[in-house]
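**Student:** Okay, structure incoming, though there's no sequence with it:
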């Protein structure tokens with residue numbers, strides 16, 4: 001007879017005692033369970049004890065989380081959180097250095113547990129940590145454990161960052177600014193400041209004033225990769241919290257310090273592989289830099305602006321030695337205006353009498369004018385050649401410089417996502433961005449010459465303008481997808497991808513599509529699908545067996561905490577647990593938490609997931625009831641959190657609902673690719689169809705390969721849409737040979 005649903009069989013350990021094997025009744029009060037366990041070992045004062053997991057993070061068992069205990073769990077009888085908090089509170093005040101060090105080390109470990117953290121903070125423990133930092137002269141190990149404990153306690157959001165004293169902040173800043181300071185202390189200090197910056201405007205201004213950009217650049221130049229990473233994290237936090245004007249000033253100062261060239265040489269092309277965290281920070285730095293163009297992109301030309309009129313005139317004057325620039329009195333005003341209009345028409349402006357009208361559309365707004373002026377001033381020979389070459393062609397074959405520049409600027413803004421907010425998880429940056437100070441302008445200079453080249457290759461007329469720009473967009477996106485490491489390499493590759501190459505690529509793609517549309521081929525596709533879908537299912541399960549490293553992401557910051565999840569080789573159990581930074585593929589035995597596949601009930605994705613609705617998405621890999629009541633009154637925290645979360649994080653979120661109590665294991669995938677693999681694999685385990693876009697992509701690739709192999713013998717033979725007709729039967733069958741007569 002199976003045990004009742006509210007009973008789990010567990011083992012309880014205690015140092016120096018024989019473990020107890022008990023059946024835990026979930027309906028029985030935890031205090032009564034502890035009393036029974038203590039009585040079995042003849043221990044008095046059961047209220048002084050508590051249960052915690054023996055493996056993993058060693059979380060304390062409470063009435064709120066006891067439902068997470070599973071059959072076969074191993075627990076440990078230990079000192080209760082309040083007793084442990086009292087003991088460590090006294091220990092960190094000890095005059096004995098060894099006792100103090102051990103207490104702080106233990107405090108840093110236990111502070112990850114929310115129950116213990118609450119008890120310690122209730123005893124005014126943070127005040128004692130402040131005292132150690134503010135008044136003490138401790139350095140090295142003691143200080144590192146103190147700062148680590150502080151970080152873990154603040155992680156639970158019981159105390160606001162705005163309550164920190166000026167003396168404490170000043171001390172933390174001093175650790176960052178010191179030259180001779182333990183690297184682990186400086187890393188923790190920069191992490192603390194990184195968390196402070198987005199909390200309030202006052203803290204941002206304080207950190208920005210006390211920790212100079214020069215100091216952060218010094219930390220970026222060290223060989224310690226972790227210290228380099230923390231310095232980059234703090235720099236990014238300052239940039240994101242700054243106003244537009246402050247951000248512009250900071251980026252200009254970083255440009256003067258050649259930060260891009262340093263990153264390109266010493267971080268992107270260093271001997272050490274680039275980690276996910278650093279890749280994300282480089283993406284954000286690229287995005288912030290490109291978004292400095294947003295203001296000009298969204299600003300229309302002002303017809304009354306003398307500066308903008310002069311810029312337009314400079315374009316005309318740089319292209320033509322104009323008669324209209326002759327001394328006043330040589331020509332009448334009407335004649336001068338007519339000459340200017342003729343030259344603006346040659347420049348490719350549609351409204352040649354008032355070229356400013358062409359720039360009224362925003363985007364690209366004034367950014368298009370800036371690009372044209374940059375091109376004319378920094379590559380004057382290429383500019384003159386472009387304009388004069390097209391001036392000598394027939395009107396209908398002219399490639400209009402101004403019109404092309406305006407449209408190309410808009411295309412580049414769309415491709416590079418100018419004006420769009422930074423993603424919280426993206427890591428896609430262009431290495432060549434960091435090899436050039438004026439990246440956007442230099443990219444424009446290459447691409448506007450590409451427009452002229454492609455225009456000639458297509459032998460285009462004015463009616464073909466949109467077609468030419470579509471080809472140019474394709475040339476740019478295809479080349480950028482190759483991730484060239486420099487603008488020179490980009491220029492070489494994009495020019496090699498000429499119009500004839502684009503036509504070949506398009507034809508190949510079109511033929512591939514056409515050959516798969518014949519009726520017999522479609523029937524063959526349908527026959528092959530089940531076999532190939534099974535192959536994809538096996539691949540997804542193998543990927544789950546390999547496992548994936550997930551990162552805990554809170555709405556406050558990108559956290560350094562990691563956890564790993566993988567499927568057992570027999571496909572019956574999901575194993576997961578916290579891991580340290582740098583661990584790539586932990587053995588399955590080191591992952592203490594388990595979920596039997598048989599207990600899995602459903603898969604939730606996106607906004608359906610509980611961790612996209614909770615107060616803190618930092619608890620994403622904790623198990624929580626599926627239907628958790630909203631906390632507080634007078635507001636809707638679920639709605640607030642959904643509004644705060646970025647869309648890209650929601651697209652990567654998924655949850656497993658398991659057990660009769662419908663608890664959830666919550667995930668945020670590192671990439672969309674991993675999201676597709678995991679959701680597909682979990683659907684396979686649940687006996688459902690794979691629904692991700694990656695499944696369709698993989699199926700199309702496999703079907704294409706299999707069809708090509710099957711159709712090799714039919715190369716250059718047209719496949720009819722209908723099968724050939726069956727011929728009529730013959731009028732007689734006398735052509736059949738009778739062997740019996742031959743034998744006689």
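**Tutor:** It's in. In this text the structure is predicted, and so the values were computed from the model without any measurement.
**Student:** from here on, contacts and neighbour counts on C-alpha atoms
**Tutor:** Will do.
**Student:** what about residue 84, helix or strand, and which?
**Tutor:** Assessed by DSSP states H and E, residue 84 sits inside helix 81-91.
**Student:** what's in contact with that helix?
**Tutor:** With contacts defined as C-alpha atoms under 8 Å, 6 or more residues apart in numbering, helix 81-91 is touched by 48, 50, 60, 99-100, 103-104, 106-107, 115-116, 119-120, 123, 125, 128.
**Student:** what comes up buried for that helix?
**Tutor:** In terms of neighbour count (16 or more other C-alpha atoms under 10 Å), helix 81-91 has its buried residues at 81-85, 88-89, 91.
**Student:** now it, how far from the chain's geometric center?
**Tutor:** 40 Å (C-alpha atoms, centre = their mean, to the nearest Å).
**Student:** Now do that helix, average pLDDT.
**Tutor:** Helix 81-91 shows a mean pLDDT of 93.
**Student:** and the next element down the chain from that helix?
**Tutor:** Helices and strands here follow DSSP H and E; after helix 81-91, the next one along the chain is helix 97-110.
**Student:** tell me the average confidence for that next one?
**Tutor:** 92.
**Student:** ok and that helix relative to helix 81-91, angle-wise?
**Tutor:** For helix 97-110 against helix 81-91, the angle by axes from the mean of the first three to the mean of the last three C-alpha atoms, to 10 degrees is 140 degrees.
**Student:** outside of helix 97-110, which residues touch it?
**Tutor:** Identification of contacts with helix 97-110 by C-alpha under 8 Å, 6+ apart yields 88, 91-94, 116-117, 141-142, 145-146, 148-150, 152.
**Student:** ok, for residue 546, nearest residue in space, not its chain neighbours?
**Tutor:** residue 566 (6.2 Å; C-alpha to C-alpha, 6 or more residues apart in numbering).
**Student:** what about the stretch 201-350 of the chain, any weak spots by pLDDT?
**Tutor:** 321-332 (pLDDT under 70).
**Student:** you'd agree residue 152 is up against residue 111?
**Tutor:** Yes: using C-alpha atoms under 8 Å, residue 152 is in contact with residue 111, at 5.5 Å.
**Student:** Now flag whichever of the contacts of helix 81-91 is closest to residue 661.
**Tutor:** residue 60 (20.2 Å; C-alpha to C-alpha).
**Student:** in the sheet, who's paired with that closest one?
**Tutor:** Listed by DSSP bridges, the beta-bridge partners for residue 60 are residue 52.
**Student:** how about the helices of the stretch 451-600 of the chain, start to end?
**Tutor:** 465-480, 487-496, 499-515, 519-546 (DSSP state H, counting those that start in this stretch).
**Student:** Would you mind pulling the contact partners of the second one?
**Tutor:** Judged by C-alpha under 8 Å, 6+ apart, the contacts made with helix 487-496 from elsewhere in the structure are 432, 435-436, 443, 446, 450, 475-476, 479-480, 484.
**Student:** Next, the angle from that helix to helix 465-480.
**Tutor:** Here helix 487-496 points in a direction 130 degrees away from that of helix 465-480 (the same axes, to 10 degrees).
**Student:** Mind listing what's buried along helix 487-496?
**Tutor:** Of the residues in helix 487-496, 487, 490-491, 493-495 count as buried by neighbour count, 16+ other C-alpha under 10 Å.
**Student:** Could you look up the SS state of residue 656?
**Tutor:** strand (DSSP: H, G, I helix; E, B strand; the rest coil).
**Student:** Dig out what it forms beta bridges with.
**Tutor:** Under the criterion used here (DSSP bridges), residue 656 is bridged to residue 603, residue 665.
**Student:** Just the pLDDT for it.
**Tutor:** 93.
**Student:** Residue 644 now?
**Tutor:** 45.
**Student:** quick one: residue 729 and residue 254, what's the gap?
**Tutor:** 88 Å (C-alpha to C-alpha, to the nearest Å).
**Student:** picking up where we left off before, give me the buried entries from the contacts of helix 487-496.
**Tutor:** 432, 435-436, 443, 446, 450, 475-476, 479-480, 484.
**Student:** which of the residues in stretch 255-266 are buried?
**Tutor:** In stretch 255-266, counting by 16+ other C-alpha under 10 Å, buried: 259-264, 266.
**Student:** now, among these, which is nearest to residue 335?
**Tutor:** residue 260 (49.9 Å).
**Student:** tell me the phi and psi of the closest residue to that closest one other than its chain neighbours?
**Tutor:** Distances taken as C-alpha to C-alpha, 6+ apart put residue 434 closest to residue 260, at 4.5 Å, once the chain neighbours are dropped. Residue 434 has phi and psi values of phi -90, psi 0 when expressed as degrees, to the nearest 10.
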